[in-house]
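Novice: no FASTA, just this:
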Ligand code: AMP
Ligand code: ZN
């Protein structure tokens, strides 16, 4: 069966064709290890994992490389502001190396807890500085880069293909609203390959241009080529990487190598929280630990991720998390019932489900549709054969179907902030402030809860 994937570069679903028969090289932009990953970041890695598992299900041998960015990612994603690592070091009184080690270890714990297969290789940026310097040097020698007072910059006007991934036009950028802060650049969106460091800068290395540190984009270009070769199959990341980071990676790599460097670019859409942006200031940049503190397991979280296809936005709410918990427990109970039955199921019936499952995962990773196939299959008369096929599907889902045991249907856990709104509404009703009570009912509905008034007060349920 053919695997089709959506290629951001061509804006089309394409039949996946590897460079080497039976093998796939894939590179994923990894975490910047200055603070713990939130559940939005982790969506990008669950997507990376699903892609790998689906490739493996299709019989490919996958070499997966994910970098660890431990230097050079500035707070703006461009060339302005402080290095995220240094900023975090100053704020915590630790060294960038200490922070990188702690955060990487924590990230790997989350990766393991969520059943994300560890990539074949996870190179650190700071272990590959010499390789980055070599690429910068080559780009300078070929005339694609220039030196300024504060670093080495890539000249976007030298690359005719600039903008092909995101559709950005150089002319619009020149006259657009973007404020130019670095007066040394020849074009506002020229980007740093190497930055010269002030003497007190925390992370710096010797280079042909003096002490300095690499730009964020050059890291991925140097490391992906080192570990996957000049042209490789798939490059992944979040959609936020399309307009700057990946556009710049394409420019550097193609100018350096003189040919196309990646065949398929695949991007995961964002996770939203309560329909909005996840941010520290709103206190909603939840980690796996925050989710666990509210009583949800990593497998329930993974179940929630898998129920939205990677190119759709995923709106995280506590009500959705609660619904995922309840669905996952039902799923496990059903699986267990099939496991414990000795009845057999016709081969053709099972083959039909297998076929539908494979069609779904091979249609641009439509995992939610594949999950629907599983739910329908579980309605069959209880049979150990059904359980065995579900275990095959779990090579893709990775939801621990081999560990199922009977669980009680979980009681609904109402988060404290939801309870507080319901209490305010009760108070408004006592004061006969119907407008306020209606407003609070709407607010609860927006967060996924319905409130039913009872003689003793109220009852909260999940909104249908
Ligand atoms: P960073 O550590 O900031 O470089 O981000 C790590 C990964 O998480 C990148 O692939 C981002 O595109 C992705 N990412 C960041 N925020 C979100 C979000 N809210 N939803 C999904 N992916 C995200
Ligand atoms: Zn990258």
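Specialist: Arrived safely, thanks for sending. Predicted model only: the values in this text are computed from it and were never measured. Ligands and ions are numbered 1, 2, ... in the order given.

Novice: low-confidence stretches in the stretch 101-250 of the chain?
Specialist: Residues of the stretch 101-250 of the chain that meet the criterion pLDDT under 70 lie in 174-183.

Novice: where's the residue of it found nearest ligand 1 relative to residue 171, distance?
Specialist: Ligand 1 sits closest to residue 238 of the stretch 101-250 of the chain, with a gap of 1.9 Å, by C-beta to the nearest ligand atom. Yep, even glycine has a C-beta here, placed from its N, CA and C like the rest. Counting by C-beta to C-beta, to the nearest Å, the gap from residue 238 to residue 171 is 27 Å.

Novice: for the residue of the stretch 101-250 of the chain closest to ligand 1, which non-adjacent residue is spatially closest?
Specialist: Excluding the flanking residues, the one nearest residue 238 by C-beta to C-beta, 6 or more residues apart in numbering is residue 44, at 4.6 Å.

Novice: which ones are touching the residue of the stretch 101-250 of the chain closest to ligand 1?
Specialist: 29, 41, 43-44, 267-270 (C-beta atoms under 8 Å, 6 or more residues apart in numbering).

Novice: so which residues of the stretch 351-464 of the chain form helices?
Specialist: For the stretch 351-464 of the chain, the helices defined by DSSP state H, counting those that start in this stretch occupy 367-377, 384-397, 416-430, 434-446.

Novice: is the residue of the stretch 101-250 of the chain closest to ligand 1 bridged to anything, and to what?
Specialist: residue 268 (DSSP bridges).

Novice: kindly provide the distance from it to residue 100.
Specialist: For residue 238, the distance to residue 100 - C-beta to C-beta - is 21 Å.

Novice: got TSV for the helices of the stretch 351-464 of the chain, with mean pLDDT too?
Specialist: Formatted as TSV, those follow (pLDDT from 0 to 100):
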stretch	mean pLDDT
helix 367-377	98
helix 384-397	98
helix 416-430	92
helix 434-446	92
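
Novice: dump those to a markdown table, plus distance to residue 217 and mean neighbour count.
Specialist: Output for these, formatted as a markdown table (distance: least, C-beta to C-beta, whole Å; neighbours: other C-beta atoms under 10 Å):
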| stretch | distance to residue 217 | mean neighbour count |
| --- | --- | --- |
| helix 367-377 | 30 | 18 |
| helix 384-397 | 32 | 19 |
| helix 416-430 | 39 | 15 |
| helix 434-446 | 39 | 14 |
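
Novice: just put those in JSON lines and tack on distance to ligand 1.
Specialist: JSON lines is the format used below for the helices of the stretch 351-464 of the chain (distance: least, C-beta to the nearest ligand atom, whole Å):
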{"stretch": "helix 367-377", "distance to ligand 1": "16"}
{"stretch": "helix 384-397", "distance to ligand 1": "20"}
{"stretch": "helix 416-430", "distance to ligand 1": "20"}
{"stretch": "helix 434-446", "distance to ligand 1": "19"}
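
Novice: ok, the residue nearest to residue 238 - contacts?
Specialist: 28, 236-238, 268.

Novice: before we move on, back to that, out of the contacts of residue 238, which are buried?
Specialist: Listed as buried from the contacts of residue 238 are 29, 41, 43-44, 267-270; burial here means 16 or more other C-beta atoms under 10 Å.

Novice: near ligand 1, list only the ones from the residues you listed.
Specialist: Subset of the buried ones among the contacts of residue 238 in contact with ligand 1: 29, 41, 43-44, 268, 270, counting by C-beta under 6 Å from any ligand atom.
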